[in-house]
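K.L.:
Pasting the sequence and the predicted model now:
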Amino acid sequence: MLKFRDKGIPSKLILRSAHILRQAQDERDLRYHFYQIGARGWFVLRDGSYEPPQDERDNFKYPEDPEQALLVEGHERNKALTLSPVEGVEPFERLRWRMLSLIYLTILLSLAAQQAHAVPQLDKKNRMVIVSTTTPHATNYYKYFVATFLHMRGDLDRAESYYEAFVKQKPHPQAYQGFFETKFALGKADHVIRAYEQDKERFDKHFANNLETQMLLAHAYLNTKQEAQAEKLFIKLAAQYPDDDQVAYFATIAYINNNQFDKALSFLTTCFNNPSLKSKYFLLYFLQSKIMIHQQKFADALHSIEKSLSLFPKFDRALLFKAILYEQLGKANDAIAGYKSYLEVTGGDTAVERQLVQLLFAQQRVPEALEYLKRVNARSPEHFFDQAVTAFTNKEYKQALKDLDKALSLRPIYEQAILLKAEILLQENRTPELLRTMQDWLIKSPDYTAALQTFMLLRKTTVPVNLLTQVLSTVAKKKPSTQVQIALADLYADAKDYVNALTHFKAIAHTAQDNRLKARALFHISHIHFQANQVKELEESLKQALATQPVYPSSYNLLAYHYGQSKKNLPQALELIEKALDAAPECPYYLDTKGYILLQLGRRQDAIATFKQALDLSPDDTIIKNHLKNTEESIA
């Protein structure tokens, strides 16, 4: 068994070392940090957060192989550890992962020395082999390093699952930094705040001097609409980190949002006296100008904004603010010049161009106004849609699709454009593109109704139903919705895939909060059993459907028709169909069922009259025609 110069590794240094490797910007930086972590004796870091001077890093002679950075007594450095390459990743990431793996192995070796749970040995090629990794500490650290690696690669969803498994064990607070970063990057700021506040005292103590995490928490508060908490934290950080430009910016915003304008101005004065913030003076003068506006000091606001632009002449926000300020001061021509300067820098902004057009017309500068109006219209989604309609009318489908794509790039949920694009793709038999277009519409649309109605019409085209179900299955995973689940169940039923149809309808019936929706789902379940001739299941599901108020009228109709076909409970069947007709007196299908029951009761003339009434409402219905014909022939 190997012996080590130190039997224990402080967990916070292990976690901090992994964080350092994760932050490395390039291969040289990565190798340097790794050597400092490993070669200085089991993760010796200066105050737990080693950050070398730039000149020391640039002149550093690092070993070519990171394995040489780890020392194991009694063996040559370059034979201490050998790891298999990580497939499927870039060389730089692979190197970083190898280094993290080496740290992980070191942890196992240390744990083995302490607890004899993981026994390291050397094989014939002097490679280190871990015989057992069953110790809980080793397993937990493994989860952390895998999470770190996945975070590094940008595989945030998988990183999140590993971090969550790791933090369940209540590890050292340092481990939460990657967890917080991953959650925030996934847009789950509420998860960050919830985890932080569950152990606030411990986190505050550990991250008190960690600006990166403190800023992340402040932004998480902002994203969860807890502005007061965020502003409090930004102001605290401003006192703690007076030389940080981001902190200075957000602290000023916090003062402004709290209407503490005098404090904001005093704070900005302090910032202007700090040479460390000189590169951001232009931004701070911009904020100073906004404060002056709040205080109705328009001349001072203009002076501050001009200072900002003198430092950064192409600062677009300042150019726009200056133009707006001139307009408020009644200096229309100066405002026009300001808006033009802003548009030259940004390349275009429809809202600003529209405002500029209004000002030009107000100043009787009609030719200029018309020129800008032409530019605005030429970039509008309506303009490209009109061009697409013209191309479509001329059967120039390729050009029409190009124009439609331009319109949709400006307004992704432009229903008319999507419908026209779908029509063209359908005509051109470009089914994969058609389905992608419809899928994007369903996922992005804030309201499913129009998108779903259009999509379900594709059942009547040549598009295979199985492809439609694939699209809706994808949509259901990315944007779960009862409406989509109903549509998916309907498609499966149309395709006679009764197993999947039943699964979805039963799920709807089980989870529906609205009794109307539940009653409809129960009817569809019953109808599938009816089509499959499953009498027992049919009657049980219909019994449940009729007990769900308000009853879906078609459930009355289905049970009545079932009794009519079975020639049983005919008086009850007539009562049931009358209930259905009370809800929909002119439904031809309900009238057909009534005629059918009257026929079974021997009331043929009444049946004929009812069939004729149904046929008047639905002249092309072959089932009603056959019922009427057979009844009339039976009398003859």
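P.N.:
Noted; the coordinates are in hand.

K.L.:
Tell me where the protein has strands.
P.N.:
For the chain, strands defined by DSSP state E occupy the ranges 120-122, 128-130.

K.L.:
contacting residues for Leu211?
P.N.:
237, 240-241, 244, 247 (CB atoms under 8 Å, 6 or more residues apart in numbering). Placement of C-beta: from N, CA and C, glycine included.

K.L.:
What subset of these is buried?
P.N.:
For those, a neighbour count by 16 or more other CB atoms under 10 Å gives the buried set as 237, 241, 244, 247.

K.L.:
Pipe these into JSON lines and attach pLDDT and distance to Ser279 per row.
P.N.:
Shown next, in JSON lines, are the buried ones among the contacts of Leu211 (pLDDT from 0 to 100; distance: CB to CB, whole Å):
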{"residue": "Leu237", "pLDDT": "89", "distance to Ser279": "19"}
{"residue": "Tyr241", "pLDDT": "87", "distance to Ser279": "16"}
{"residue": "Asp244", "pLDDT": "87", "distance to Ser279": "12"}
{"residue": "Val247", "pLDDT": "87", "distance to Ser279": "14"}
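
K.L.:
in the stretch 401-550 of the chain, which spans are helices?
P.N.:
415-427, 431-444, 448-457, 465-478, 482-494, 498-511, 515-531, 535-546 (DSSP state H, counting those that start in this stretch).

K.L.:
How far off centre is stretch 529-538?
P.N.:
From the chain centre to the centre of stretch 529-538 is a distance of 42 Å (CA atoms, centre = their mean, to the nearest Å).

K.L.:
rewinding a little: out of the buried ones among the contacts of Leu211, flag the one nearest to Lys278.
P.N.:
Of all those, the one with the least separation from Lys278 (CB to CB) is Asp244, at 13.4 Å.

K.L.:
how near is the closest one to Leu581?
P.N.:
76 Å (CB to CB, to the nearest Å).

K.L.:
returning to what we had before: I'd like the buried ones among the contacts of Leu211 laid out as JSON lines, including distance to Ala487.
P.N.:
Shown next, in JSON lines, are the buried ones among the contacts of Leu211 (distance: CB to CB, whole Å):
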{"residue": "Leu237", "distance to Ala487": "50"}
{"residue": "Tyr241", "distance to Ala487": "54"}
{"residue": "Asp244", "distance to Ala487": "52"}
{"residue": "Val247", "distance to Ala487": "50"}
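
K.L.:
For stretch 346-360, give me every contacting residue.
P.N.:
Contacting residues not belonging to stretch 346-360 are listed as 316, 320, 327, 332, 335-336, 339-340, 342-343, 366, 368-369, 372-373, 375-376, 379-380 [CB under 8 Å, 6+ apart].

K.L.:
Mind giving me the PyMOL select for those residues, buried ones only?
P.N.:
The buried residues among the contacts of stretch 346-360 can be selected in PyMOL (16+ other CB under 10 Å) with this line:
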select buried, resi 316+320+327+335+336+339+340+342+343+368+369+372+373+376
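
K.L.:
can you pull the contacts of Asp199?
P.N.:
Contacts of Asp199 (CB under 8 Å, 6+ apart): Pro173.

K.L.:
Tell me the confidence at it?
P.N.:
pLDDT, Asp199: 87.

K.L.:
Could you tell me the phi and psi values at it?
P.N.:
The phi and psi values for Asp199, taken as degrees, to the nearest 10, are phi -140, psi 50.

K.L.:
Fine by me, we can end here.
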